[in-house]
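1. this is the structure alone, sequence omitted:
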């Protein structure tokens, strides 16, 4: 329903927009939607592990550009669970740092479900560390890298989205890895907001969507949630970003709006 | 209940500060035949504590190791199994060991994944893996009370500038133990925030905190004698354990008791 409403002609400005986990699901839907709101001169950096999926996405986006809309679209094939993946992504973004940008929008969407399993099964440090590296450490390191590449200053709007979850706030049995990481992220971004009054931070919980992740949840737990199309949740996030009157570092859920 | 019964008490970070106070206080509240497993990196201090407990007729084993190494959880569990006896009716795990991380720096300087990984490994993963290992080693059985304590902090609930690692780690831990409480209703799980303690950790906080207002607040507390002794905070925690009325999974602060 949201996707069909003609929204007001507000834009994200001449924006450096970075979306992680852009190849599928919510990230992909966001890439499509964000495009409508990027002014000429904007740069869209799409990050994921799959080169073919990113390439295909880029082609779709290029075809959907409006007349006279000049947007540069880059794909970074990166595994964000590795230091190299994070560094490559920051380096790619840094190449654009001399462009005339008036808004940096970083969408930390890439994430994984982790093993859904009773707490007492998590006896192996390596497995837990590996999960936290991707879902927590990489998010801080990437966000820090982007803040250094595009230092906040007067005239540069800075927005960071943390793709959060209801389970950042509500404990769910057998979901210790996912809940723990989402709770860590929400707090991390609250600290970021306290430290940087000129950076607007939003922890957005997108609700259960028609994604591979939900398919995995159904397969692993047998639970079938009522799913919403990614584009509907993306539209709500977009509305929040465009209106820009959310309180920095708040946790907003799809179902709140 | 005036005692903790005949108990197996496993305490990490037992060499000094709050962990040491917990060991000593628990030693006064357990019945003969109880045993202690004391974990820390510093052998000398642990052995002094071990001798003190022995003087009270209590068996204590020292496990000297770095908690964030892969085989550490298993080494601790092995020692715990060695000192356990069928007469023991209460297993208590106190996840106390923690570090501040570099509090002199702000979010945007944390571009190194290795640094964040290392912090989370010690402060989050090791608590999960040790707890999982202890629960597996001492499964639910009739006549055996099991209690898991997470030494938490106000920082689990509130963001503080220049404290991103500590706040994120504590928020992660609170959630981790909430999930455990949801999964295992027979287990007693307590997220206890001890208040501002007069310890080495507080000394680092008041001398190294990057955010100057916060640093002054910490040193002000020290100068004005507003810091709590570990013993005073420990006494409140013991009251909670002895009364045993807290809701499993709740976050309870020194100042709430």
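-> Nice, I can see it. From a predicted model like this one, the values you see are computed outputs, not experimental measurements.

2. what residues of the helix ranked longest in chain B count as buried?
-> If you go by DSSP state H, chain B has its longest helix at helix B:164-183. Residues B:164-183 are the ones in helix B:164-183 that count as buried (16 or more other CB atoms under 10 Å in any protein chain shown). Where C-beta positions appear, they are placed from N, C-alpha and C, glycine not excepted.

3. ditto for stretch A:200-217
-> By 16+ other CB under 10 Å, the buried positions in stretch A:200-217 come out as A:200-211, A:213-214, A:217.

4. then stretch B:58-67?
-> Neighbour-count burial for stretch B:58-67 flags B:58, B:60, B:61, B:62, B:63, B:64, B:65, B:67 (criterion: 16+ other CB under 10 Å).

5. centre of the chain to it, how far?
-> Here stretch B:58-67 is found 14 Å from its chain centre; the criterion is CA atoms, centre = their mean, to the nearest Å.

6. repeat that for stretch B:131-147.
-> In terms of CA atoms, centre = their mean, the gap separating the centre of stretch B:131-147 from the centre of its chain is 18 Å.

7. swap in stretch A:116-125?
-> 27 Å.

8. returning to that earlier point: helices or strands next to the longest helix of chain B in the packing?
-> Packing contacts for helix B:164-183, counted by 3 or more CB pairs under 8 Å, 6 or more residues apart in numbering or on different chains; DSSP states H and E, involve helix A:176-195, helix B:113-120, helix B:126-137, strand B:145-151, strand B:188-193.

9. let me know the closest of the buried residues of stretch A:200-217 to residue A:116.
-> Of all those, residue A:217 has the smallest distance to residue A:116: 7.5 Å, by CB to CB.

10. and that closest one, that's in a strand?
-> No. Counting by DSSP: H, G, I helix; E, B strand; the rest coil, residue A:217 is not found in a strand; it is helix.

11. from residue A:225, how far off is it?
-> According to CB to CB, to the nearest Å, residue A:217 and residue A:225 sit 8 Å apart.

12. okay, and for chain B, where does confidence drop off?
-> B:1 (pLDDT under 70).

13. give me phi/psi at residue B:197?
-> Residue B:197 adopts backbone torsions of phi -100, psi 150, taken as degrees, to the nearest 10.

14. burial count for it?
-> Here the number of neighbours of residue B:197 (other CB atoms under 10 Å in any protein chain shown) works out to 20.

15. one step back: point out the most buried one among the helices and strands packed on helix B:164-183.
-> Greatest average neighbour count among the helices and strands packed on helix B:164-183 goes to helix A:176-195 (a mean of 27), per mean count of other CB atoms under 10 Å in any protein chain shown.

16. next, count neighbours for residue B:152.
-> Applying other CB under 10 Å, we find 23 residues neighbouring residue B:152.

17. quick one: contacts for it?
-> Counting by CB atoms under 8 Å, 6 or more residues apart in numbering or on different chains, residue B:152 touches B:170, B:173, B:174, B:191, B:192, B:193, B:251.

18. can we see that at 6 Å?
-> For residue B:152, the contact set (CB atoms under 6 Å, 6 or more residues apart in numbering or on different chains) comprises B:170, B:174, B:191, B:192, B:193, B:251.

19. what's the most distant pair in these?
-> The most widely separated members of the contacts of residue B:152 are B:170 and B:192, with 11.7 Å between them, by CB to CB.

20. what does the stretch 151-257 of chain B put close to chain A?
-> With CB under 6 Å from any CB of the partner chain as the criterion, the stretch 151-257 of chain B comes near chain A at residues B:159, B:161, B:164, B:167-168, B:171-172, B:175-176, B:178-180, B:182-183.

21. now those as JSON lines including distance to residue B:198?
-> Converted to JSON lines, those look like this (distance: CB to CB, whole Å):
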{"residue": "B:159", "distance to residue B:198": "24"}
{"residue": "B:161", "distance to residue B:198": "23"}
{"residue": "B:164", "distance to residue B:198": "24"}
{"residue": "B:167", "distance to residue B:198": "21"}
{"residue": "B:168", "distance to residue B:198": "25"}
{"residue": "B:171", "distance to residue B:198": "24"}
{"residue": "B:172", "distance to residue B:198": "26"}
{"residue": "B:175", "distance to residue B:198": "28"}
{"residue": "B:176", "distance to residue B:198": "28"}
{"residue": "B:178", "distance to residue B:198": "29"}
{"residue": "B:179", "distance to residue B:198": "32"}
{"residue": "B:180", "distance to residue B:198": "30"}
{"residue": "B:182", "distance to residue B:198": "35"}
{"residue": "B:183", "distance to residue B:198": "36"}
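
22. out of the residues you listed, flag the one nearest to residue A:252.
-> Of all these, residue A:252 sits closest to residue B:159, with 16.8 Å by CB to CB.

23. so what's that closest one closest to, chain neighbours aside?
-> Distances taken as CB to CB, 6 or more residues apart in numbering or on different chains place residue A:190 nearest to residue B:159, at 3.8 Å, with adjacent residues excluded.

24. separation between that neighbour and residue B:164?
-> Look at residue A:190 and residue B:164: by CB to CB, they are 9 Å apart.

25. could you do residue A:244 as well?
-> To residue B:164, residue A:244 is 24 Å away according to CB to CB.

26. which ones are touching the residue sitting nearest the centre point of chain B?
-> In chain B, the centroid-proximal residue (CA atoms, centre = their mean) is residue B:96; its distance is 1.5 Å. Counting by CB under 6 Å, 6+ apart, residue B:96 touches B:12, B:13, B:18, B:19, B:151.

27. phi first, then psi, for the first one.
-> Just to be clear, that refers to residue B:12. Main-chain dihedrals, residue B:12, degrees, to the nearest 10: phi -90, psi 150.

28. over to residue A:41?
-> The phi/psi pair for residue A:41 (degrees, to the nearest 10) is phi 100, psi -10.

29. so what's the residue count around the residue lying closest to residue B:42 once chain neighbours are set aside?
-> In space, and not counting its chain neighbours, residue B:42 is closest to residue B:15: 4.7 Å by CB to CB, 6+ apart. Neighbour count of residue B:15, defined by other CB under 10 Å: 24.

30. contact partners for residue B:15?
-> By CB under 6 Å, 6+ apart, the neighbours of residue B:15 are B:40, B:42, B:45, B:46.

31. let's see that with 8 Å instead.
-> B:38, B:40, B:41, B:42, B:45, B:46, B:49.

32. spell out the secondary structure type for the closest residue to the third one other than its chain neighbours.
-> So the one you mean is residue B:41. For residue B:41, ignoring the flanking residues on the chain, the nearest one in space by CB to CB, 6+ apart is residue B:66 at 5.7 Å. The local conformation at residue B:66, judged by three-state DSSP, is coil.

33. and residue B:66, how far from residue B:73?
-> For residue B:66, the distance to residue B:73 (CB to CB) stands at 12 Å.

34. look up phi and psi at residue A:44.
-> phi -120, psi 120.

35. now do it, the pLDDT please.
-> pLDDT, residue A:44: 98.

36. my guess is it contacts residue A:38. True?
-> Yes. The criterion here is CB atoms under 8 Å, and residue A:44 meets it with residue A:38 at 6.6 Å.
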